[in-house]
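Undergrad: Sequence unavailable; structure follows:
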DNA sequence: CTATGGACCTGAATGC
DNA sequence: TGCATTCAGGTCCATA
């Protein structure tokens, strides 16, 4: 469910409220994608210093350099509130703090909560080590982006999804960014010209930044940790619009499968 | 090394 | 109504 904009909207919705909180207890439900780790018993007593984001991961900086990694998978969402109702069947993690409870709700359980002693532990390196550059940060340079594409022979859509060149672009925003850049999703990444790489580079930043402003996309059940739905889906140009007229040229939006994921595009506007 | 398909899991929508 | 199939915002891992 969550791509970079949804994760960032989630982060913004509770980071300031949880900062400085002391952890009182932890409650877990069914197993998530990875075990939380053997040190989880040490969480009570630690405090939450800050909440950062890396790609689609939320990183809770805890006391003494500990790091709590949270990933929302496909169907996860967080809620942070002073008073929390009893855990339901799909609530699999509660972090009870002096400022409120942070709860992970995740029906499919592709998400994860992992405690790591810093960013250089084996588990942190396994999860974060291969991530590409942050698209909304200063480090997202055009030259390096184009060079990264040059090294990949897969279709551009799948290169974006893989997150090894640039992070945070998931299935919705990959289709949206490629539409805005006028590039066919099947184009081999290595064959994208400098001029088109530049269009894609700015399309990625524009679409992600715009989606953050709009509170993310709520297709089925996404909401911020304050329970707010997003609205970006209302301005999607192609995603989930198969058969509907292109907002730019009127021809029907096409859908195809790439790596078991749906891709939406306009045959006329994207070449 | 890169590229691809399968796996993980649940619920909603669709089809017969 | 009932049951099977398909699809859904991610990404690690095994296999070529």
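TA: Thanks, I have the structure now. The structure presented is a predicted model; accordingly, all values stated were derived computationally and were not measured. Numbering: from 1, shown residues only, chains lettered A, B, ... in the order given.
Undergrad: Show me which residues of the stretch 101-250 of chain A sit near DNA strand C.
TA: The stretch 101-250 of chain A comes close to DNA strand C at residues A:108, A:110, A:126-127, A:130, A:161, A:163, A:170-172, A:216-222, A:230, as judged by Cβ under 7 Å from any atom of the strand. C-betas here are computed from N, CA, C, even on glycine.
Undergrad: in chain A, which spans are strands?
TA: Ranges of strands within chain A are A:23-28, A:48-54, A:57-62, A:67-71, A:77-81, A:91-97, A:100-105, A:112-116, A:254-258, A:261-265, based on DSSP state E.
Undergrad: Could you identify the longest helix within chain A?
TA: helix A:194-213 (DSSP state H).
Undergrad: Quick one: residues contacting whichever residue of the stretch 151-271 of chain A sits closest to DNA strand B.
TA: The stretch 151-271 of chain A approaches DNA strand B most closely through residue A:153 (2.9 Å), counting by Cβ to the nearest atom of the strand. Contacts for residue A:153 (Cβ atoms under 8 Å, 6 or more residues apart in numbering) come out as A:188-190.
Undergrad: So which of these wins on neighbours?
TA: residue A:189 (24 neighbours; other Cβ atoms under 10 Å).
Undergrad: residues touching that one, list them.
TA: Residue A:189 sits next to A:149-150, A:152-156, A:159 when contact means Cβ under 8 Å, 6+ apart.
Undergrad: Any chance of those residues in CSV with distance to residue A:80 as columns?
TA: As requested, the contacts of residue A:189 are arranged in CSV below (distance: Cβ to Cβ, whole Å):
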residue, distance to residue A:80
A:149, 38
A:150, 42
A:152, 38
A:153, 43
A:154, 38
A:155, 38
A:156, 37
A:159, 34
